[in-house]
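>>> sequence first, predicted coordinates after that:
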Amino acid sequence: MKALLTAALLAAWLPVAAQIRWTRIVPSPTVELRDPRSISVAADGLIYVADTGHQRVVAFDSSGTVVVETGGFGDAHGQFRWPRAVVADRGNAVWVLDYGNRRIEKFTRLLVYQGTLEIRIAGSDRANQPEALALSPQGDLFVYDRDRGKLLRYDPLFTLQAESGSGSGLQFISNVASMAFVPRRGLFWWERGGGAVRHADPLLNPAAALPLRISEGDVNLSSADTCLIIASMQTVLRVCAQDSPPDTLLTSGDLSGLGEFRTTAACLAGEVLYLLDKSAGAVYRVDYTSK
């Protein structure tokens, strides 16, 4: 397999005394996933997955036992057409990017419907296409509007507060595939084909991009405290400061027992890393212990 990142990134450190132990959570007797695209862990430890192929969002505990789910193919609230992203905030809300229905829906932690956000432009009878989303601890929602190439920031009442992006120059934003909001640092996003992780402050004012390049493969971003988590195929990095090298949380060698495992998405909850592999429909828990 070709190098996923530059040599400098692959040289980033993992503490010598750390031992990595992984456990497969799903498939389990109560959970079977098909083409899952996104994973998020709530403050209480519930694991939420956008089970795209089954047109649902499912929440399960650390043993792989289903706690609650919602879905079914359709356009009623609580139904989906290819849900692509799920974000569980630190409070009592879960957000789902319902791609085929061109909307973002809000649920309680038990997946009871609470509201819908659609990007509506005056004079248009069709909602614009949301492509990626992220959430701040204060409940502000960040969305990429693919049709206009803009980043949008909404408050918890779905009122537009700020936007960024234009059709040309340094402000041009295109093909955003993943976003994450990091407290005290702002919004980070990855543009498919662009190779860089770009950055804006919480008000969407442009900031310096991260000094790293992604050479191949899709990238998934998430946040953990004030750090950014970057997952690319079989490598997971943690970036906690703009001017310091990233920590390597995981490389392909750490998962040698999993065969052709490829990371679709990852999230860090405390000292536990959760990995999603869409091709296998699997979720793994990775623990770091001292030798």
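Here it is on my side, so go on.

>>> which strand residues bridge residue 57?
For residue 57, the beta-bridge partners are residue 50, residue 70 (DSSP bridges).

>>> Provide a list of residues in contact with it.
Residues counted as contacts of residue 57 (Cβ atoms under 8 Å, 6 or more residues apart in numbering) are 48-51, 69-71, 80, 83, 86, 94, 96, 107, 111. (Each C-beta comes from the backbone N, C-alpha and C, glycine too.)

>>> also residue 109?
Contacts of residue 109 by Cβ under 8 Å, 6+ apart are 42, 44, 46, 59, 88, 92-94.

>>> thinking again about what came up before, which of the contacts of residue 57 lies closest to residue 262?
residue 49 (16.3 Å; Cβ to Cβ).

>>> how near is that closest one to residue 112?
18 Å (Cβ to Cβ, to the nearest Å).

>>> picking up where we left off before, pipe the contacts of residue 57 into TSV and attach distance to residue 224 and pLDDT per row.
Shown next, in TSV, are the contacts of residue 57 (distance: Cβ to Cβ, whole Å; pLDDT from 0 to 100):
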residue	distance to residue 224	pLDDT
48	16	97
49	18	98
50	19	98
51	23	98
69	25	97
70	26	97
71	27	97
80	27	98
83	23	98
86	16	97
94	18	96
96	21	98
107	22	96
111	23	97
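
>>> low-confidence regions, the chain specifically.
1-18, 167-170, 214-216, 255-260, 289-291 (pLDDT under 70).

>>> give me the element the residue of it positioned farthest from its centre is part of.
For the chain, the largest distance from the centre (Cα atoms, centre = their mean) belongs to residue 123, which lies 32.1 Å off. Here residue 123, judged by DSSP states H and E, is contained in no helix and no strand.

>>> who does the residue lying closest to residue 275 once chain neighbours are set aside bridge with?
Nearest-residue entry for residue 275: residue 284, 4.5 Å, with adjacent residues in sequence omitted and distances by Cβ to Cβ, 6 or more residues apart in numbering. Beta-bridge pairing for residue 284 (DSSP bridges): residue 24, residue 275.

>>> how much space between residue 284 and residue 21?
Taken as Cβ to Cβ, the span from residue 284 to residue 21 is 11 Å.

>>> the more surrounded of these two?
Per other Cβ atoms under 10 Å, whichever of residue 284 and residue 21 has more neighbours is residue 284, with 20 against 10.

>>> now stretch 278-285: buried residues?
Residues 278, 280-285 are the ones in stretch 278-285 that count as buried (16 or more other Cβ atoms under 10 Å).

>>> out of the residues you listed, which comes closest to residue 194?
For the buried residues of stretch 278-285, the nearest to residue 194 is residue 278 (21.9 Å; Cβ to Cβ).

>>> contact partners of stretch 197-214?
4-6, 8-9, 136, 140, 151, 153, 162-164, 170-171, 173, 181, 185-191, 195-196, 219, 221, 228, 230, 232, 239, 242, 246.

>>> I'd assumed residue 20 was in contact with the residue nearest to residue 275.
No: using Cβ atoms under 8 Å, residue 284 is not in contact with residue 20; the gap is 11.0 Å.

>>> let me see the ranges of the strands in the stretch 1-150 of the chain.
With DSSP state E, counting those that start in this stretch as the criterion, the stretch 1-150 of the chain has strands at 18-26, 38-41, 47-51, 56-60, 66-71, 83-88, 93-98, 103-108, 113-117, 130-135, 141-145, 150-154.

>>> relative to residue 272, which of these is closest?
Taking the strands of the stretch 1-150 of the chain one by one with Cβ to Cβ, strand 38-41 is closest: 8.2 Å.

>>> work out the gap between that closest one and the centre of the chain.
Relative to its chain's centre, strand 38-41 lies at 7 Å (Cα atoms, centre = their mean, to the nearest Å).
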